[in-house]
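Engineer: sequence and predicted structure below; questions after.
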Amino acid sequence: MAGAEMTGTEMRPPLIELRGITKTYGEGQAAFQALGGVDLTIEQGEFVAVMGPSGSGKSTAMNLLGCLDTPTTGEYLFRGIHVEQLDRNQRALLRRNCLGFVFQGFNLLARTSAQENVELPLLYRGETADVRHAMARAALDKVGLTGWEHHTPAELSGGQQQRVAIARAIVTNPLVLLADEPTGNLDSKRSYEIMELLTRLNGEQGITVIMVTHEPDMAAYARRIVHFVDGRVDSDESQTATKSCS
């Protein structure tokens with residue numbers, strides 16, 4: 001049988017698939033449709049930049065991908081699982097086990113050391129102290145912050161704070177890293193350092209990176225750019241990354 005000859009890779013569903021996704025806020029005349037029927041497929045190991053003007057729907061799409069919100073209609077499949085059919089607790093488990101988040105504002109606890117900030121997702125998982133310490137140190141090493149474990153955010157530069165935030169996002173070994181304007185609060189030099197780090201994590205660790213950005217220079221690191229306009233995917237183009245960490 002032909003099906004029996006297929007490999008596991010060929011039979012595996014896409015990592016992420018959106019089918020006819022809509023999102024409407026409000027009701028009646030006050031209703032606003034943020035997404036108007038989005039179809040999008042993302043495979044494991046891709047580096048995708050999501051772009052578009054303010055109000056285009058890109059942030060709403062990221063919230064849906066991150067299980068922080070639910071669609072009004074349509075299907076969201078993660079490895080073939082219908083996410084739109086999961087309850088709140090099931091979506092929380094998916095976030096905890098498969099997704100990592102990086103935000104423009106870093107979102108670090110101010111009076112907490114870099115290592116303790118990175119340990120937070122492991123604390124929620126119920127890992128022992130020894131496991132948390134070891135995994136947090138390993139994550140900080142991956143982002144180039146060995147030796148900075150006990151510094152608080154106030155003792156770190158903006159670029160270092162974002163590295164801590166990335167370490168926190170990857171400490172659970174997620175399949176997907178969702179980055180929302182990760183360089184928005186950084187100067188050019190620190191922005192390029194963060195993008196080189198994301199490129200390495202994508203290439204060497206195989207983490208799928210989905211990044212919202214307004215900046216073409218940052219999007220140039222991605223191998224695919226998805227443009228949103230008026231709540232829909234206006235274009236979806238592969239590209240040869242014009243920048244790299246080499």
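Structural biologist: Cool, got the structure. Numbers count the residues shown, from 1 in each chain.

Engineer: any idea what the most centrally placed residue in the chain is bridged to?
Structural biologist: Central residue of the chain (CA atoms, centre = their mean): L178, 0.8 Å from the mean position. Residues in a beta bridge with L178, per DSSP bridges, are F101, I210.

Engineer: so it touches F103, yeah?
Structural biologist: No - counting by CB atoms under 8 Å, L178 stays clear of F103, with 9.3 Å between them. Quick note: C-beta positions are derived from backbone N, CA and C, even for glycine.

Engineer: which ones are touching F103?
Structural biologist: 165, 180-182 (CB atoms under 8 Å, 6 or more residues apart in numbering).

Engineer: neighbouring contacts of the helix ranked longest in the chain?
Structural biologist: Secondary structure assigned by DSSP state H gives helix 188-205 as the longest helix of the chain. Applying CB under 8 Å, 6+ apart, the contact partners of helix 188-205 are 45, 47, 142-144, 157-159, 162-163, 166, 170, 177, 179, 182-183, 186, 207-209, 211, 215, 217-218, 221, 241, 243-245.

Engineer: in that helix, what's buried?
Structural biologist: Along helix 188-205, these residues count as buried under the neighbour rule (16 or more other CB atoms under 10 Å): 190-195, 197-203.

Engineer: and stretch 117-133, by the same measure?
Structural biologist: For stretch 117-133, by 16+ other CB under 10 Å, it's 117-122, 127, 132-133.

Engineer: for stretch 31-40, same thing?
Structural biologist: Quick answer for stretch 31-40 (16+ other CB under 10 Å): 33-35, 38, 40.

Engineer: which residues does that stretch contact?
Structural biologist: Here stretch 31-40 has contacts from 16-26, 57, 60-61, 64, 71, 74, 226, 230-233, 236, using CB under 8 Å, 6+ apart.

Engineer: what residues are up against the residue nearest to L15 when sequence neighbours are not counted?
Structural biologist: Closest residue in space to L15, ignoring its immediate chain neighbours: Q44 at 4.4 Å, by CB to CB, 6 or more residues apart in numbering. Going by CB under 8 Å, 6+ apart, Q44 touches 15, 175, 206, 208.

Engineer: what residues does the strand or helix carrying R163 touch?
Structural biologist: If you go by DSSP states H and E, R163 is part of helix 158-170. For helix 158-170, the surrounding residues in contact (CB under 8 Å, 6+ apart) are 100-103, 106-108, 114, 117-118, 120-121, 136, 139-140, 142-145, 148, 153, 156, 177, 182-183, 185-187, 189-190, 193-194, 197-198, 201, 205, 207.

Engineer: can I assume G105 is in contact with N185?
Structural biologist: Yes - between G105 and N185 a contact is recorded at 6.6 Å, counting by CB under 8 Å.

Engineer: pLDDT, secondary structure and distance to Q85 added to the buried residues of stretch 31-40, as CSV?
Structural biologist: What follows is these, written out as CSV (pLDDT from 0 to 100; DSSP: H, G, I helix; E, B strand; the rest coil; distance: CB to CB, whole Å):
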residue, pLDDT, secondary structure, distance to Q85
Q33, 95, strand, 22
A34, 96, strand, 21
L35, 97, strand, 18
V38, 97, strand, 18
L40, 98, strand, 18
